[in-house]
Structures are given as C-alpha cells and as structure tokens.
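J.: I need the structure of the sequence given here:
(one chain, ligands or ions: 2)
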Amino acid sequence: MKNIHRFALAVLLLLSGMTALTNCKKDNSLPYKYESEVLNLPDQPYAYRDQQIPSHLANIATVLQSKVTDQGATLGRVLFYDPKLSLNNKISCSSCHLQEKAFSDGKRFSTGFDGGLTKRNASSIVNPAALQNFFWDAREHDLQSMVLQPIKNHIEMGMDNFDALEKKLGQLDYYKPLFADAFGDDKVTRERIADAMSQFLNSMVTSNSGFDAAVPGGWGVQNPGALTVQQQQGMNLFFGQAQCGVCHNPVSNGSFFNESFANIGLDANPADKGLGANQPGMDGMFKIPSLRNVALTAPYMHDGRFATLREVVDHYSDKIENTPNLHWTLRGFDGQALRMNLTDQQKDDLVAFLQALTDQQYVNDPKYSNPFK
Ligand code: HEC
Ligand code: HEC
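T.: Ligands and ions are numbered 1, 2, ... in the order given. Model (predicted):
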C-alpha cells in the first residue's frame, strides 16, 4: 500500500529535484504518430501545457509552462494507468485514484499490490502543481527529502530496484515511441519515469466548479448566479458563522495557511497520531485537505470514518471532542470543544455549498482518462 503509494509520491516529487539531472531537451517538433495494440492515444497529443487556468490559480500556469510538455504528460498518463509499474502487474496508480471520483477510490482504505490495506484513506488528486504538502500527515514537502525519496520508495513498492523497473518498461514496445516523443530517444530511465509521471500529475488541473464561476479571479463573489440560493447561504455560513474558511480556502488550492494542518477533534485520543507520529506535540493533527470535488470523494477524513458530507457537518456542529491539540477555532470561550448547534437547514446549506465545489469537466476530461484499450 504505502509502498506503491510512496512510489507515487516519489515520482510526483522528483520533478522539482531532478530537473537539473534529467535536463533532457524536448524537441516538440518531433512528429507524434502513435499506433498501438494496447493503447488508445490521440493522433495529436492533448493540450496539457496550454490550459485555460483562472487567475486565482495562476501559479499552476507557471508550473505548466516551465515543467510540462504535451508529450511528457502523455507518457505520464500511460505510466499512471499502467499496472506494469507494480511488482505483480496488478496495481496501477489508478487502482486507488479513479478519475470519476476525482482520483480518490470510494473506500475507507485501499488494497495494495500485496493484498494489504492502506493505513489511510486514499487522497483525491487536487491540483498537485499548487501543493506544498502531500499526504494526510503532510510528510512530503521538503525538497531535500523529496530528492532522496525515489529509490527508497521504489523498493517499498515491491520491485527489487529501479534497474528492474527500467528493464521491464524498456521491454514493452508501446513505451518506445512515448519515451522518444517525450525525451528525444527511447531510453527508459528512472529519472524520465519520474519526470513524465510528475508532468502528468502537474497537468491535472481542476478549476471549473460552480464556485470558481462565482468568484472569478478569487476576489469576492462577482457572479452569485453561478450558485443556487441555497449554495449562497451555505457559502455565507462557510466563510462566516461556521468558520470553515478559517482553515479551508476553496479559492486557492488548499487552505489559507499554505495547506497547513490542524486537529479538528475527531477523537479525544487519536489512534492515528498524524503529524504527531513524527513530531512530538502534534498528535491528531492532519493536513487540511482541499475541498475541491469533495462531493465525489467520500468517505471522508484520513481514515474515511464519515460516509457522507452531512456526517462531516454533524461533526463540526455537534461532536467535536476536546483534545489537547484542538485548533483554537473549534474551541468555545470556555475552553471546551465548540458546539455550533447548527440547524438542519444550516447543515443542508453547508452541504449544498460543498457540492458547488465539484468540477464535472475534470472527471470527464479525456486527457486524464485511462489510455489502455
Ligand atoms: C494501493 C492504493 C494506492 C495506489 C496504488 C497509489 N496510491 Fe496514491 N494514495 C493512496 C493513499 C492511501 C494515499 C494517502 C496516504 C497518506 O496520506 O498517508 C495516497 C495519496 C496520494 C497523493 C497525495 C495527494 C495529496 O493531496 O496529499 C498523491 C499525489 C498520490 N497518492 C499519487 C499516486 C500516484 C502517482 C500513484 C502511482 C505511482 C499512486 N498514488 C498509487 C493510495 C494509493
Ligand atoms: C481548524 C481547521 C478546520 C476548520 C475550522 C474546518 N476544517 Fe474541515 N478539515 C480540517 C482538517 C485538518 C481536515 C482533515 C482531518 C482528518 O482527516 O483528520 C478536514 C477535513 C474536512 C473534510 C473531509 C475532506 C476529505 O477529503 O476527507 C470536509 C468535507 C471538511 N473538512 C469540511 C469542513 C467544513 C464544512 C467546515 C466548517 C463547518 C470545516 N471543514 C472546518 C480542518 C478544518
């Protein structure tokens, strides 16, 4: 589980560190002609690099222009969906990250290549180009550790080593033209695998929700009509009385505090210590996740304990546990866990607003879909 998954991260994060090492000049004038028994790819690659990015996510456009080519992301897409990347050829990234669920998997815990269950709920994939922290415990974010991750992670994934992976992929005919188009020749290297996969992940942009339409540029609600009246009421609660917006910022990618972390009082004594597993004094703290597409990514929280958004809202309204690290927002003036006591109507309104964060284009976009026939 963790293994495969860590490999994923390795791959994702490598790009930042490895660009200097790989430094492959990409000749975009190379003819793209692709025919394959196993793959269904367009004659011209999809536009991964030149996408319409709203100005409130402008940092993503910068990443696309500096790190992504259409050919590189095309290769990355194939790698993302290819079970050949696992030891027993059974599990791909997409086994746990399904497009129709905004790249989460609908399960509390996911089954890894060895049949074991992951320790945490599979994250959805939300604008990774704009992320600073990855995983529920935000353990991946530091450039130096990123650069050191790959080999370690790859071993954990279950393959003997990167040499074996390079050899395995090098023997698959369908990769030859893909590597050649992405990197100039068909040599398969770990750096290229990592580079291409992170190009694909960086190219995964979700920015077409009703909420995005309501707040063009991210500065205030200029088109309230993009939301239903109930969603507008929910939005006012979200940023007002219910204080959700203190932590979750649906405008930018994650949260106001640069996707930092918080303890939201799920348990008085958290079984999974989250950041506390590695850093004393942080028990029960987890990354503040983006809420983009959250209506598609049930079940919720790091351990998938809540099946519905209504259960999530019930938690914040009525069930917060008092625990030493409980975030100040979720404490009352008396120092006890806050009881917002929202009405049923308010709860429904909040859920309606969360549904306005869904981007149907993202989950139907062919350029992120499974390329295998
Ligand atoms: C067996 C299921 C499984 C497979 C296979 C898998 N993942 Fe994951 N993925 C997870 C789980 C579970 C998490 C959350 C783990 C955690 O936070 O500790 C996760 C988290 C992530 C995240 C972090 C998202 C965020 O916002 O923090 C990314 C990115 C990711 N996976 C990409 C990949 C890629 C790329 C691959 C393929 C190389 C892959 N995953 C394969 C289960 C899986
Ligand atoms: C103190 C910061 C904070 C506040 C305030 C806050 N959240 Fe959260 N939220 C988090 C954190 C941290 C998590 C992840 C917790 C975990 O998994 O242990 C989370 C998780 C969630 C999730 C689940 C996301 C997923 O992918 O599983 C939803 C939905 C959510 N919050 C909605 C809300 C709503 C609605 C409000 C207002 C009523 C709110 N949050 C207020 C920090 C906060």
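J.: quick one: contacts for the residue lying farthest from the centre of the chain?
T.: Centroid-distance maximum for the chain: Asp334 at 37.2 Å, with Cα atoms, centre = their mean. By Cβ atoms under 8 Å, 6 or more residues apart in numbering, Asp334 lies in contact with nothing. (C-beta placed from N, C-alpha, C; glycine too.)
J.: please tell me how far it sits from ligand 2.
T.: Counting by Cβ to the nearest ligand atom, to the nearest Å, the gap from Asp334 to ligand 2 is 18 Å.
J.: repeat that for Asp344.
T.: For Asp344 relative to ligand 2 (Cβ to the nearest ligand atom), the value is 14 Å.
J.: look up how far Ser317 lies from the residue nearest to Ala214 when sequence neighbours are not counted.
T.: Leaving out its chain neighbours, the residue that sits closest to Ala214 by Cβ to Cβ, 6 or more residues apart in numbering is Ala226, at 4.1 Å. Look at Ala226 and Ser317: by Cβ to Cβ, to the nearest Å, they are 27 Å apart.
J.: and if you look at Thr297?
T.: Going from Thr297 to Ser317 by Cβ to Cβ gives 21 Å.
J.: look at these two and report which has more neighbours.
T.: A direct count of neighbours by other Cβ atoms under 10 Å for Thr297 and Ser317 places Thr297 higher, at 26 against 18.
J.: list the buried ones in stretch 296-313?
T.: Buried positions in stretch 296-313, judged by neighbour count with 16 or more other Cβ atoms under 10 Å: 296-304, 306, 309, 312-313.
J.: for Phe183, grab phi and psi.
T.: Here is the backbone geometry of Phe183 (degrees, to the nearest 10): phi -130, psi 0.
J.: can you pull the pLDDT of it?
T.: For Phe183, the pLDDT comes out at 96.
J.: isn't it up against Arg192?
T.: Yes - counting by Cβ atoms under 8 Å, Phe183 touches Arg192, with 5.4 Å between them.
J.: on that earlier part again, and the residue nearest to Ala214, how many neighbours?
T.: Ala226 has 18 nearby residues by other Cβ under 10 Å.
J.: and it, how far is that from ligand 1?
T.: As judged by Cβ to the nearest ligand atom, Ala226 and ligand 1 stand 26 Å apart.
J.: just the pLDDT for that residue.
T.: The model reports Ala226 with a pLDDT of 95.
J.: again, but for the one 5 residues further on
T.: Looking at Gln231, its pLDDT reads 97.
J.: quick check: next helix or strand after the helix or strand in which it is found?
T.: Applying DSSP states H and E as the criterion places Gln231 in helix 229-239. The helix or strand immediately downstream of helix 229-239 is helix 244-247, counting by DSSP H and E.
J.: does any part of that next one sit near ligand 2?
T.: Yes - against ligand 2, helix 244-247 shows contacts by Cβ under 6 Å from any ligand atom at Cys244, Val246, Cys247.
J.: how about that helix as CSV, C-alpha atoms only?
T.: Output in CSV follows, covering the C-alpha atoms of helix 244-247 (Å, rounded to 0.1, in the frame of the first residue of the first chain):
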residue,chain,number,x,y,z
CYS,A,244,-14.8,26.7,7.8
GLY,A,245,-13.0,29.2,5.8
VAL,A,246,-10.5,29.9,8.6
CYS,A,247,-8.9,26.6,7.5
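J.: list the helices and strands that helix packs on?
T.: helix 229-239 (3 or more Cβ pairs under 8 Å, 6 or more residues apart in numbering; DSSP states H and E).
J.: give me the residue from the stretch 201-350 of the chain nearest ligand 1.
T.: In the stretch 201-350 of the chain, the residue that lies nearest ligand 1 is Leu201 (6.0 Å; Cβ to the nearest ligand atom).
J.: and Phe306, backbone torsions?
T.: Note on Phe306: its backbone torsions stand at phi -100, psi 130 [degrees, to the nearest 10].
J.: list the contacts for it?
T.: With contact taken as Cβ under 8 Å, 6+ apart, Phe306 is in contact with Ala298, Pro299, Tyr300, Val312, His315.
J.: returning to that earlier point: tell me the first helix or strand C-terminal of the helix or strand containing the residue of the stretch 201-350 of the chain closest to ligand 1.
T.: For Leu201, the element it lies in under DSSP H and E is helix 190-203. Later in the chain than helix 190-203, the nearest helix or strand by DSSP H and E is helix 210-214.
J.: now tell me what touches the helix holding Gln231 from outside.
T.: Residues contacting helix 229-239 (Cβ under 8 Å, 6+ apart): 210-211, 214, 221, 224, 227, 244-245, 248, 342, 346, 348-356.
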